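A.B. asks: Sequence first, then the predicted structure, then my questions.
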Amino acid sequence: MILDAVTLRYAEALWNLSAKAGRLERVRADVARLGTAQPAASGRSERRKQVLAALSGADPFVTNLVHLLYDRHREEVLRGLAAAFHRLELQSRNAVEGQVESARPIAPELIAEIAARVGAVLGKQVVLQNRVRPELLGGTRVLVANRMIDYSVAGRLESLRRAMLEAPLGASR
């Protein structure tokens, strides 16, 4: 999920405030609950009421943030808050998530080996999910931390195609 800068700033502020107060675990659980609360009402005040009702008993930091976001007409931040918190949790563990794409399913042991090798390069713990993409024909493509490592047959063919297009032609006789 692509997160906007505003959502990330609010999430980081809530994370830091709750960590400093020793309430991070409770706030994290409430933010996860907030991620599943989808208000059905059409009016802003009704949506606010529904979100707050879904968060009954939540930490005051979370309910105050909900009020603040609605007061500032930034309630769209609530949609990405759980994902932003998840990203902050990964950062706190020096970890990143990514995907290993392949033409057919990969064994969990091989995924773990790929994750360990990529993690050694990045200096982070890497958690990979396998995504099957038959159009790759063979090999793998790893997408993690805004990087792509392409060892797929399709990727190698594309690289060869580009090299051939860029190769200088000999002088004609």
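C.D. replies: Noted; the coordinates are in hand.

A.B. asks: Pull the helix or strand where Asn64 lies out as PDB, backbone CA atoms only.
C.D. replies: Assigned by DSSP states H and E, Asn64 belongs to helix 60-71. Taking Å, rounded to 0.1, in the frame of the first residue of the first chain, the C-alpha atoms of helix 60-71 are listed here in PDB:
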ATOM      1  CA  PRO A  60      -7.600   8.500  24.600                       C
ATOM      2  CA  PHE A  61      -4.700   9.200  22.200                       C
ATOM      3  CA  VAL A  62      -6.500   7.300  19.500                       C
ATOM      4  CA  THR A  63      -9.900   9.000  20.100                       C
ATOM      5  CA  ASN A  64      -8.300  12.400  20.300                       C
ATOM      6  CA  LEU A  65      -6.600  11.800  17.000                       C
ATOM      7  CA  VAL A  66      -9.900  10.800  15.400                       C
ATOM      8  CA  HIS A  67     -11.500  14.000  16.700                       C
ATOM      9  CA  LEU A  68      -8.500  16.100  15.500                       C
ATOM     10  CA  LEU A  69      -8.600  14.500  12.000                       C
ATOM     11  CA  TYR A  70     -12.300  15.100  11.600                       C
ATOM     12  CA  ASP A  71     -11.900  18.700  12.900                       C
END
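
A.B. asks: Is it correct that Thr140 is in contact with Ala115?
C.D. replies: No - counting by C-beta atoms under 8 Å, Thr140 does not reach Ala115; the two are 11.7 Å apart. To be clear about C-beta, it is placed using only N, CA and C from the backbone, and glycine gets the same treatment.

A.B. asks: shared neighbours of these two, which are they?
C.D. replies: With contacts defined as C-beta atoms under 8 Å, 6 or more residues apart in numbering, the residues shared by Thr140 and Ala115 are Val100.

A.B. asks: hmm, back to that, helices and strands around the helix holding Asn64, which ones?
C.D. replies: Counting contacts by 3 or more C-beta pairs under 8 Å, 6 or more residues apart in numbering; DSSP states H and E, helix 60-71 packs against helix 5-20, helix 24-36, helix 44-54, helix 77-92.

A.B. asks: Turn the ones you listed into a markdown table, including mean neighbour count, distance to Phe61 and mean pLDDT.
C.D. replies: Listed next are these as a markdown table, based on neighbours: other C-beta atoms under 10 Å; distance: least, C-beta to C-beta, whole Å; pLDDT from 0 to 100:
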| stretch | mean neighbour count | distance to Phe61 | mean pLDDT |
| --- | --- | --- | --- |
| helix 5-20 | 16 | 5 | 96 |
| helix 24-36 | 18 | 6 | 93 |
| helix 44-54 | 15 | 14 | 91 |
| helix 77-92 | 18 | 12 | 93 |
